[in-house]
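Visitor: Turn this into a structure:
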Amino acid sequence: MRSTDPATSRTPRRRSLGTALLAVPLTVAATLGAAPAEAATPGPGSLTCQGKGVEPAAKARHRAEILIHAPLHTIWDLQTDVEAWTSWQKPAAPMTVRRLDSGPLRKHSRFQATVHVPTTTPSTVVISSTVQQLQRGKCLRWTGPADSTGYHIDGTHVWTFTPVRGGILVRTEESHSGPQADPTSDMGLETWLADLKAAAESGTCDGPHQR
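Guide: Numbers count the residues shown, from 1 in each chain. Below you'll find the model as predicted:
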């Protein structure tokens, strides 16, 4: 990362089940037993969207940021077109993402990622998601579980987008709770930000905007 682009420290990838999962978006579904997002209150210094942040009591938390030299609408459209994530992200394991509703991403929108983890014993993990807060062009927050046989994590993920001199400062913070939550992991956030920057700055993804 260039010194002119704010970013947090990097953590090497590990090819375990947990790390492969953490390299893809962790999302929410109240119907699958996630804790109600409205119960979460931001901790000191946490990112927030409409006053809500990550889970303050979570076992694992990570925060990262990057400066992207691209229009805000380009970055926002890439981030909120969830079914197209796999066209520009490079997750550590094959995945598919589908919306469970239609129209532009908005509060209460639901989406689901299915991850095929090529471990010694191949596993399929389902990450079910619901958007809890969204302010167009400014912030986005979702929460929810990742589930597989013998594997469960509840996650909360916050994104903010701030115009600054030279571009858009994108910040993200994520928390994980559950038996497999790993306090030492970067949760794939560094890779996600790098992929988002590359896609937004390439000029090839500047298609029709969501309304």
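
Visitor: Look up phi and psi at the spatially closest residue to L169 that is not a sequence neighbour.
Guide: Closest residue to L169 apart from its sequence neighbours, by Cβ to Cβ, 6 or more residues apart in numbering: T162 at 4.6 Å. Any C-beta I mention is one placed from the backbone N, CA and C, and that applies to glycine too. Dihedral angles phi and psi of T162 (degrees, to the nearest 10) take the values phi -130, psi 120.

Visitor: Then Q132?
Guide: Note on Q132: backbone dihedrals following degrees, to the nearest 10 are phi -100, psi -40.

Visitor: After the lowest-mean-pLDDT helix or strand in the chain, which helix or strand is next?
Guide: Comparing every helix and strand of the chain by mean pLDDT, DSSP states H and E singles out helix 17-22 as the least confident one, with a mean of 42. Tracing the chain C-terminally past helix 17-22 and defining elements by DSSP states H and E, one meets strand 60-68 next.

Visitor: List the contacts of the residue nearest to C49 when sequence neighbours are not counted.
Guide: Of all residues not flanking C49 in the chain, C139 sits nearest, at 3.6 Å (Cβ to Cβ, 6+ apart). By Cβ atoms under 8 Å, 6 or more residues apart in numbering, the contact set of C139 is 47-50, 133, 158-161.

Visitor: please redo it, this time with the cut-off set to 7 Å
Guide: By Cβ atoms under 7 Å, 6 or more residues apart in numbering, the contact set of C139 is 49-50, 133, 159-161.

Visitor: ditto for R61
Guide: Contacts of R61 by Cβ under 7 Å, 6+ apart are 54, 173, 175.

Visitor: If we only consider those residues, which is nearest to V117?
Guide: S175 (21.6 Å; Cβ to Cβ).

Visitor: these two touch, right, the closest one and A58?
Guide: Yes. S175 lies in contact with A58 (Cβ atoms under 7 Å); the separation is 3.5 Å.

Visitor: Which of these two has more residues huddled nearby?
Guide: Set side by side, S175 and A58 give different neighbour counts by other Cβ atoms under 10 Å, the larger being at S175 (28 against 20).

Visitor: Could you say which helix or strand holds that one?
Guide: strand 167-177.

Visitor: Measure how the next helix-or-strand element following that strand sits relative to strand 60-68, angle-wise.
Guide: Next helix or strand after strand 167-177 toward the C-terminus (DSSP H and E): helix 189-202. Put simply, helix 189-202 runs at 20 degrees to strand 60-68, going by axes from the mean of the first three to the mean of the last three Cα atoms, to 10 degrees.

Visitor: and the closest residue to R171 other than its chain neighbours, how far is that from P145?
Guide: The shortest distance from R171 to any residue other than its chain neighbours is 4.2 Å, reached at E65 (Cβ to Cβ, 6+ apart). Between E65 and P145 the distance is 26 Å, computed by Cβ to Cβ, to the nearest Å.
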